[in-house]
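>>> kindly generate the corresponding structure for this input.
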Amino acid sequence: MGHKNKTYIIFDGDNDKWAYARMKGWKALEHIDFDFENAHDEYSLTTNASNEDYIKGKLRKRFQNASQVIVLIGESTKNLYKYVRWELEVAQNLNIPIIAVNLNGDRKQNNNTCPPIIRDTYVVHISFKMKIIKYALDNFPSEFKKRTTDKSIGGRTYNESVYSSLGLND
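Model prediction:
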């Protein structure tokens with residue numbers, strides 16, 4: 001199965017583009033069951049991409065069609081305010097579920113790398129492994145929508161049994 005709703009992916013374009021490219025590669029391989037509809041495929045940027053207002057306008061349009069957000073968290077993601085923090089604020093304001101994917105392999109919130117704006121909020125924190133990303137895309141958005149306000153604080157994780165059931169025992 002794969003996730004057919006639009007997914008907006010946030011990442012450090014200078015340092016973590018490799019991870020975004022790997023996700024697109026997983027999606028492209030026919031023998032791998034990994035799919036997502038990439039919100040970045042819509043409203044492409046043109047030569048005006050150096051203008052911050054222009055870029056944010058295009059990104060805002062991409063958010064309109066997104067059902068969930070993946071933020072790829074690398075070593076410097078927490079320090080990026082111009083776009084990454086802004087994109088996370090937009091996702092929160094639009095009440096879009098956020099899946100925080102730790103590129104260092106952490107399976108829980110890591111305050112040394114996690115952007116402060118999503119620390120201790122109702123976000124699921126997972127490792128950068130295809131199977132757990134697919135699992136989160138298939139399960140977290142519906143969980144997010146069912147949450148109640150008194151249970152909607154604090155970072156979420158998947159327990160070890162979920163990782164084990166996916167063959168991720170490391």
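>>> where along the chain do the strands fall?
6-10, 37-38, 66-73, 98-102, 124-127 (DSSP state E).
>>> okay, those in TSV with distance to residue 155, mean neighbour count and mean pLDDT next?
C-beta coordinates here come from the backbone N, C-alpha and C atoms, glycine included. Converted to TSV, the strands of the chain look like this (distance: least, CB to CB, whole Å; neighbours: other CB atoms under 10 Å; pLDDT from 0 to 100):
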stretch	distance to residue 155	mean neighbour count	mean pLDDT
strand 6-10	17	23	86
strand 37-38	25	16	58
strand 66-73	12	24	92
strand 98-102	8	25	97
strand 124-127	5	23	97
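>>> distance to residue 156 added to these, as CSV?
Listed next are those as CSV, based on distance: least, CB to CB, whole Å:
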stretch, distance to residue 156
strand 6-10, 18
strand 37-38, 23
strand 66-73, 14
strand 98-102, 9
strand 124-127, 4
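>>> contacts only, for the residue nearest to residue 71 when sequence neighbours are not counted.
Spatial nearest neighbour of residue 71, excluding adjacent residues (CB to CB, 6 or more residues apart in numbering): residue 10 at 4.3 Å. By CB atoms under 8 Å, 6 or more residues apart in numbering, residue 10 lies in contact with 69-72, 84, 87-88, 91.
>>> farthest-apart pair in these, please.
Comparing all pairs in the contacts of residue 10 by CB to CB, the longest separation belongs to 72 and 91, at 13.6 Å.
>>> now residue 127: how far from residue 86?
Going from residue 127 to residue 86 by CB to CB, to the nearest Å gives 26 Å.
>>> give the contact list for residue 126.
By CB under 8 Å, 6+ apart, the contact set of residue 126 is 99-102, 107, 132-133, 136, 157-158.
>>> mind redoing it with 10 Å?
70, 99-102, 106-108, 132-133, 135-136, 140, 156-158, 162-163, 168 (CB atoms under 10 Å, 6 or more residues apart in numbering).
>>> and it, bridged to which residues?
In this entry, residue 126 is beta-bridged to residue 101, by DSSP bridges.
>>> how about the helices in this structure?
Taking DSSP state H, the helices of the chain run over residues 17-28, 52-64, 86-93, 130-146, 160-165.
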